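Chemist: Test case, fold it:
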Amino acid sequence: MVKERSEILQLQIGKNGLTDGVIAQIKRVFENEKIMKISILKSACRDKAEAKQMCDKILGALGKNFTYRLIGYVATFIKFRRNVQA
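Modeler: Below is the predicted model:
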């Protein structure tokens, strides 16, 4: 579920966890946006280490032009302006 609130899009990951559909939706959002907040509900993971693993998995699917910051169970993903060179 994507919500627009003060120009930053928000998405929630629920009890089904991180599925291919969720990753596809995140990729579609980043075609037009540069920042997004993802809330990981407690039913999706047991602890913060598992939430970090989910964020790393999302980051791997998005590519090198992205970074994230995890505070509690809310991750903020940011797209870099320029392409990152290897």
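Chemist: okay, CA-based contacts and neighbour counts for the rest of this
Modeler: Fine.
Chemist: in this protein, which segments are predicted with low confidence?
Modeler: 1-6, 84-86 (pLDDT under 70).
Chemist: can you give me the helices in it?
Modeler: Secondary structure of the chain by DSSP state H: the helices cover 20-29, 48-62.
Chemist: Can you add distance to residue 42 and mean neighbour count and give the ones you listed back as a markdown table?
Modeler: Below are these laid out as a markdown table (distance: least, CA to CA, whole Å; neighbours: other CA atoms under 10 Å):
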| stretch | distance to residue 42 | mean neighbour count |
| --- | --- | --- |
| helix 20-29 | 17 | 14 |
| helix 48-62 | 9 | 16 |
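Chemist: so what's the spatially most central residue of the chain bridging to?
Modeler: The residue lying closest to the centre of the chain (CA atoms, centre = their mean) is residue 38, at 4.9 Å. Residue 38 has these beta-bridge partners by DSSP bridges: residue 11, residue 75.
Chemist: one step back: right, so of the helices of the chain, which gets closest to residue 9?
Modeler: The closest of these to residue 9 is helix 20-29. By CA to CA, the value is 8.4 Å.
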